[in-house]
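Asker: Below: sequence and its predicted model.
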Amino acid sequence: MKSLALPSHEMHTLPIEDIVVHHEGLKSYLFRQTFDIEPGQFVMLWLPGGDEKPFSVSDVRDGRIEITARAVGPFSRALMACKVGGFLGLRGPFGRGFRPRGRGLIVGGGIGIAPLRYLVHRLAQDGMECQIALGARTARELMFAADFVRRGARLATDDGSLGEKVMVLALAERLCAAEKFDVIYGCGPEVLLVGLHQLAATVGCDCQLALERHMKCGIGICGSCCVDGSGICICREGPVLDRAELDQVADFGRPHRDATGARKN
Amino acid sequence: MKSLALPSHEMHTLPIEDIVVHHEGLKSYLFRQTFDIEPGQFVMLWLPGGDEKPFSVSDVRDGRIEITARAVGPFSRALMACKVGGFLGLRGPFGRGFRPRGRGLIVGGGIGIAPLRYLVHRLAQDGMECQIALGARTARELMFAADFVRRGARLATDDGSLGEKVMVLALAERLCAAEKFDVIYGCGPEVLLVGLHQLAATVGCDCQLALERHMKCGIGICGSCCVDGSGICICREGPVLDRAELDQVADFGRPHRDATGARKN
Amino acid sequence: MNPLAVRIAGIALESPLVLASGVLGTTASSLRRVAQAGAGAVTTKSCSLAPRPGHPAPCILPWKGGMLNAVGLSNPGIEGALEEITEYRRTCRTPLFVSIFAGSPAEFGELAQRVAAAKPDLIEVNVSCPNVESEFGAPFAADPAACAAVTRAVKENAGGIPVSIKLASQCASIAKMAEVCQRSGADVLTAINTVGPGMWIDPGAGRPVLSNLVGGVSGTAILPIAVRAVYEIRRAVDLPIIGTGGVSCAADALQLIMAGADAVGLGSAIYGGGIGLFDEINRGLADFLQSRGYQSLHEVHGMAHEKGKP
Amino acid sequence: MNPLAVRIAGIALESPLVLASGVLGTTASSLRRVAQAGAGAVTTKSCSLAPRPGHPAPCILPWKGGMLNAVGLSNPGIEGALEEITEYRRTCRTPLFVSIFAGSPAEFGELAQRVAAAKPDLIEVNVSCPNVESEFGAPFAADPAACAAVTRAVKENAGGIPVSIKLASQCASIAKMAEVCQRSGADVLTAINTVGPGMWIDPGAGRPVLSNLVGGVSGTAILPIAVRAVYEIRRAVDLPIIGTGGVSCAADALQLIMAGADAVGLGSAIYGGGIGLFDEINRGLADFLQSRGYQSLHEVHGMAHEKGKP
Ligand SMILES: Cc1cc2nc3c(=O)[nH]c(=O)nc-3n(C[C@H](O)[C@H](O)[C@H](O)COP(=O)(O)OP(=O)(O)OC[C@H]3O[C@@H](n4cnc5c(N)ncnc54)[C@H](O)[C@@H]3O)c2cc1C
Ligand SMILES: Cc1cc2nc3c(=O)[nH]c(=O)nc-3n(C[C@H](O)[C@H](O)[C@H](O)COP(=O)(O)OP(=O)(O)OC[C@H]3O[C@@H](n4cnc5c(N)ncnc54)[C@H](O)[C@@H]3O)c2cc1C
Ligand SMILES: Cc1cc2nc3c(=O)[nH]c(=O)nc-3n(C[C@H](O)[C@H](O)[C@H](O)COP(=O)(O)O)c2cc1C
Ligand SMILES: Cc1cc2nc3c(=O)[nH]c(=O)nc-3n(C[C@H](O)[C@H](O)[C@H](O)COP(=O)(O)O)c2cc1C
Ligand code: FES
Ligand code: FES
């Protein structure tokens, strides 16, 4: 007679211990670490009295969890207004993160760079080799650039303000032509992920790509994050899917669903 | 943020595997052992569709739990009518049992002999020495006599039909005069227990005596088993109390309470 | 013979376990996935005529005793729902129950008619939503007359598809409500919906967590209330019952079945057990039957009502 | 200054934690023991004019989500209760709340008068018992007029001793009930009593376990319902509230306090935690206050009602 498991997703209401301002609309928030979380997993971040949204972790070090957010709408703008000492609610860890193995190619675009930073740190810690290719619209959107460059990352921007003026997918293709990887780890706009999925198929390696879908519960109950096709929950079995799992995602790279559950067109 | 402990008192509904008939109003019931229970602890025994009452365990061996009951009223009479294969509900273990230490004198009267049988077996198993004195009204009320005699027990009956024709307390006093014990373990009518408590004080040893009070819940909630004085719950901190604890029982050997909570006079 | 096979209102289920409405029930793909995991039938998230985004997160909160939710009946509206129903039908044979809700009997009738065209196996009527025509916006589920009107409106428009009314425990007498529904033409009853409502305050923030402040209580916390509700309904009427509320293991499901449920809904516990729970509970039920020498679930159905010794 | 000291209706409590009625509350000795364990006040088991043996066991059943009970209001009657009250008073200074119940307003008045003579600190009125004068034997707690009549009858006979009405969540609106009680003279409100009722069937026996078949649900399962009830009551009236239901740790107690409770009842959780729980929760509350830099509980009292950012 098994009983309902106790939730591992209790609210951890914690003061912001520090804020790193990349620019006014792109900041990293540091909290005391009160639970374990792996690269690619996410937290639900609650503005007490307001909404709660999914955010990856951009680092865990020295007993602190770091979240990096970009202002895109009402929630993330409210987040930008939070000050050190203010209390936010974190629940987690949610989902299934990256499962590092072998030699990796790490490819990120835009805010998708955030979880990859934690992944890179973790791989370095575990002595696993990897190449890194990152892209963003402009230099100021490419956060943590110095840290990444120190680890040998190739950079690309749309306007050439940092690194090469190419698409990050082109960097990735170039690296794949030069050497053999076991896995491509990716996070960023879905169009980039579709490209990486094809690239992995072409060069014959696996991939682990972090998807985004509309999330309400984060725990595999509401169904709002379920992909068409296999029907799996991105919040629970994802957000990181491997190549075979992505083959079963019918709406990969295609319009997906909004808060009503209707397909966006 | 601790959550309510899961109950260890789930219902175990089990078929009666065997019945030992001491006489028509005194039987032992054997069940498959599905939980651990110590000598002196008790179970709540449920007749499905009927009441539930507290019963000690008279043995645990070969993966079976044994309960020995005497017919005294409606519940125990219904129990006597149960057949092998019939299902009864057991919840347990409840309460705090005997805490064996040093050299023991075991003294029991009437149905109070039942839990002492398990205690004697356990002491023998653990290689701890003890003397045994048991009493009952008649030979047929003195169950397990052969087993006990094999272990050196002194027996007494009111009518002299087995062992000596004295009060069991007298046997106990005689044994205490002859040698020194660390603990007197006792179970039986409260008047016997009061005598043993005094005996322990007189000879200067500890005692561990199993009390009975009216029980409804067995888990320290309803308060019906609370003793006057210290106010402790017999179902939870007892039924086995030591000498110091008994010193704080204001109604020890005096009228105690019925199902309404009123003092019986 | 499959010992777990049951039949309600003529619908044959391979397992008594039914995915409860509102859980993983918006898209054809996720419904199909749950069906493949061992559900005997799947119920869609309740749909309304117009799309509804529902309440913002936090709207689903697991807590130590179960779950709280104030999803706010988000759904893509009947158009979107019909697309999913059609797609599900095309790719999966497991019986499909479509849940609907509306603000008035007339709207319920309209919805039923549109849903019936897609030929689900059963239409489940969620009456735990505010009745916009009532003076106080009280839910239909607490008002016998309103509930009767809804039942009739849906029946008239369901084109012969069996109709289940989903009762709530928050009413003066759930047995009375069951009788009213039976008289008004219900073919099946589902019981219960969420209980409460409840509120969860995060002490660290000093604020209620749910964006809607309060939400319905489900999961383990409500199991005894669901068992009592099913027991009372079974005593009052002889309609098939989909017993729902707090089930997370085979023993829980057996409680509902012994109280009189013909099928058993499963919702919140998927959080703790994943969709593998369907298979796990199916196996637990089969093991129980075998260990007691029963040939099928029918032998224990409603047995808690029998008097005397077991 | 003791940061946990609170005052309700002029009664000074050293801790907000109150032993809930019906738990370890029949004898002077056990009440005293709980007081010594750190309760700010203790409530007696509800007593009636005549003695009542209550229902046979099983009448209290812990289950994975909390507790079920159908003790059947067993009590030694007012004579026996008065003896215990006197004995408690003689040996213990911790405030004593005496709970009473009866079948009619007149009987409630008579009980109140007799209890008042023993000078408890507060009389708590258990209105979750059937009203013998009502056509359906429905509990007073669900009927505003009956509840008002009881409140007035007790107030008139309480000789100035503060009176708390103990509300149940099973009513159309607990906020409305609170208003009715306030208007009728209540000094304090206690909320909530048990929820449900619920039933637990043992699958092995195929029978309901409680001898009474159904019982009230308490413990963790009802915490969110209690929090919501207190929140609603606090919005409706400004009487002190003894928030009760499902508390088993300091965080739970804080939920009720932030929802608006002035004191916090503790009952079922004593099963899991023993009476050591009083001390444990007291320490947890003090730690929370200190870690957040608050001087006293008053600073967080009702804070969940404040709008905007924390
Ligand atoms: C697994 C996961 C990890 C994420 N990690 C990060 C991160 O590390 N840093 C970061 O800045 N952002 C991250 N996001 C995105 C972040 O959740 C949204 O940017 C944020 O919710 C936007 O809210 P808003 O009110 O500011 O904008 P809105 O105007 O509400 O929305 C802007 C866009 O954000 C997305 N979005 C909005 N609400 C949700 C939701 N509930 N679930 C999923 N997507 C939503 C949609 O694409 C929407 O079009 C992550 C999303 C997911 C699913
Ligand atoms: C800790 C404990 C261990 C026990 N172990 C045994 C045992 O091993 N074998 C055995 O035969 N008996 C044992 N008893 C006693 C047994 O519980 C009662 O004999 C039985 O409940 C009688 O029920 P009845 O309906 O047959 O008789 P009733 O006519 O109801 O009662 C007869 C007498 O039994 C006692 N009794 C009745 N109900 C209860 C109750 N709920 N709680 C406590 N005492 C009650 C009272 O002294 C009462 O006067 C034990 C009791 C306790 C408290
Ligand atoms: C997140 C969530 C959403 C729900 N949405 C609906 C719904 O749309 N329609 C409905 O009738 N019931 C809905 N329910 C109620 C469930 O169908 C079910 O009756 C209730 O949760 C009790 O079952 P459970 O304890 O197994 O979850 C919802 C429940 C949950 C937890
Ligand atoms: C075994 C038991 C007996 C109870 N008896 C009474 C009672 O006599 N009078 C009363 O007003 N409430 C009674 N209650 C209700 C409690 O006082 C309390 O309101 C309820 O249990 C919720 O609190 P909890 O979850 O902390 O137990 C009883 C509860 C339990 C568990
Ligand atoms: S976000 Fe609810 S199921 Fe994934
Ligand atoms: S039997 Fe209920 S407290 Fe001991």
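Answerer: Right, received. Where do you want to start? Nothing here was measured: the structure is a model prediction, and the numbers come from that model. Ligands and ions are numbered 1, 2, ... in the order given.
Asker: Next one: the residue in the stretch 101-250 of chain C that chain A sits nearest to from A:His12, what distance?
Answerer: In the stretch 101-250 of chain C, the residue that lies nearest chain A is C:Gly204 (2.7 Å; Cβ to the nearest Cβ). All C-beta atoms are positioned from the backbone trio N, CA, C, and that covers glycine. Taking Cβ to Cβ, to the nearest Å as the measure, C:Gly204 and A:His12 are separated by 8 Å.
Asker: Show me what from chain C comes close to ligand 3.
Answerer: Neighbours of ligand 3 within chain C, by Cβ under 6 Å from any ligand atom: C:20-23, C:45-46, C:60, C:67, C:69, C:71, C:73, C:99, C:126, C:166, C:193-194, C:218-219, C:222, C:244-247, C:265-269.
Asker: hang on, the residue of the stretch 101-250 of chain C closest to chain A packs against A:Thr34?
Answerer: No: because the distance of 10.7 Å does not satisfy Cβ atoms under 8 Å, C:Gly204 is recorded as not touching A:Thr34.
Asker: which neighbours do these two share?
Answerer: Taking Cβ atoms under 8 Å, 6 or more residues apart in numbering or on different chains as the criterion, C:Gly204 and A:Thr34 both touch A:His12, A:Leu14.
Asker: Would you mind telling me which of those two has more residues around it?
Answerer: C:Gly204 (21 against 13; other Cβ atoms under 10 Å in any protein chain shown).
Asker: give me every residue that touches that one.
Answerer: C:Gly204 neighbours (Cβ under 8 Å, 6+ apart): A:Met11, A:His12, A:Thr13, A:Leu14, A:Phe87, A:Gly89.
Asker: Ramachandran angles for the residue of the stretch 101-250 of chain C closest to chain A?
Answerer: Note on C:Gly204: backbone dihedrals following degrees, to the nearest 10 are phi -60, psi -40.
Asker: Distance check, it against D:Ala118.
Answerer: Distance from C:Gly204 to D:Ala118, by Cβ to Cβ: 43 Å.
Asker: so where do the helices sit in the stretch 101-250 of chain C?
Answerer: C:105-117, C:144-157, C:174-183, C:223-236, C:250-259 (DSSP state H, counting those that start in this stretch).
Asker: Give me the common contacts of C:Gly204 and A:His12.
Answerer: Contacts common to C:Gly204 and A:His12, judged by Cβ under 8 Å, 6+ apart, are A:Gly89.
Asker: Roughly how far does A:Val43 sit from chain D?
Answerer: Counting by Cβ to the nearest Cβ, to the nearest Å, the gap from A:Val43 to chain D is 18 Å.
Asker: How about the stretch 51-200 of chain A: which residue is closest to chain D?
Answerer: Counting by Cβ to the nearest Cβ, the stretch 51-200 of chain A gets nearest chain D through A:Phe87, at 5.6 Å.
Asker: Which residues does that residue form beta bridges with?
Answerer: A:Pro15 (DSSP bridges).
Asker: so what's it up against?
Answerer: A:Phe87 neighbours (Cβ under 8 Å, 6+ apart): A:Thr13, A:Leu14, A:Pro15, A:Ile16, A:Pro48, C:Gly204, C:Ala205, D:Pro310.
Asker: Can you flag the buried ones in those?
Answerer: A:Thr13, A:Leu14, A:Ile16, A:Pro48, C:Gly204, C:Ala205, D:Pro310 (16 or more other Cβ atoms under 10 Å in any protein chain shown).
Asker: is it true that the second one touches A:Gly85?
Answerer: No: distance between A:Leu14 and A:Gly85: 10.7 Å, which falls outside the contact criterion (Cβ under 8 Å).
Asker: Could you point out which of the buried ones among the contacts of A:Phe87 is nearest to A:Phe144?
Answerer: A:Ile16 (18.7 Å; Cβ to Cβ).
Asker: who's sitting farthest from the centroid in chain C?
Answerer: Distance from the C-alpha centroid of chain C, by Cα atoms, centre = their mean, peaks at C:Gly204 (34.5 Å).
Asker: For A:Arg101, grab phi and psi.
Answerer: According to degrees, to the nearest 10, A:Arg101 has phi -160, psi 140.
Asker: What is the neighbour count of it?
Answerer: A:Arg101 has 11 nearby residues by other Cβ under 10 Å.
Asker: That one and A:Phe181 touch, don't they?
Answerer: No: taking contacts as Cβ under 8 Å, A:Arg101 lies outside contact range of A:Phe181: 10.9 Å.
Asker: residue boundaries of the helices in the stretch 51-200 of chain A?
Answerer: Going by DSSP H, counting those that start in this stretch, the stretch 51-200 of chain A shows helices at A:74-80, A:113-125, A:145-150, A:168-178, A:190-203.
Asker: gap between stretch C:92-104 and the chain center?
Answerer: 10 Å (Cα atoms, centre = their mean, to the nearest Å).
Asker: wait, does it make contact with chain A?
Answerer: No: on the criterion Cβ under 8 Å from any Cβ of the partner chain, stretch C:92-104 is out of touch with chain A, staying 10.4 Å away.
Asker: For that stretch, list the C-alpha coordinates in PDB.
Answerer: This file holds the C-alpha atoms of stretch C:92-104, laid out as PDB (Å, rounded to 0.1, in the frame of the first residue of the first chain):
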ATOM      1  CA  CYS C  92      -6.700   5.200 -30.600                       C
ATOM      2  CA  ARG C  93      -9.500   2.800 -29.800                       C
ATOM      3  CA  THR C  94      -9.500   3.100 -26.000                       C
ATOM      4  CA  PRO C  95     -12.900   4.600 -25.000                       C
ATOM      5  CA  LEU C  96     -13.000   8.400 -24.900                       C
ATOM      6  CA  PHE C  97     -15.100  10.400 -22.400                       C
ATOM      7  CA  VAL C  98     -15.500  14.100 -23.300                       C
ATOM      8  CA  SER C  99     -16.000  16.500 -20.400                       C
ATOM      9  CA  ILE C 100     -18.000  19.700 -21.000                       C
ATOM     10  CA  PHE C 101     -19.000  22.700 -18.900                       C
ATOM     11  CA  ALA C 102     -21.000  25.800 -19.500                       C
ATOM     12  CA  GLY C 103     -22.800  28.600 -17.700                       C
ATOM     13  CA  SER C 104     -26.400  27.700 -18.400                       C
END
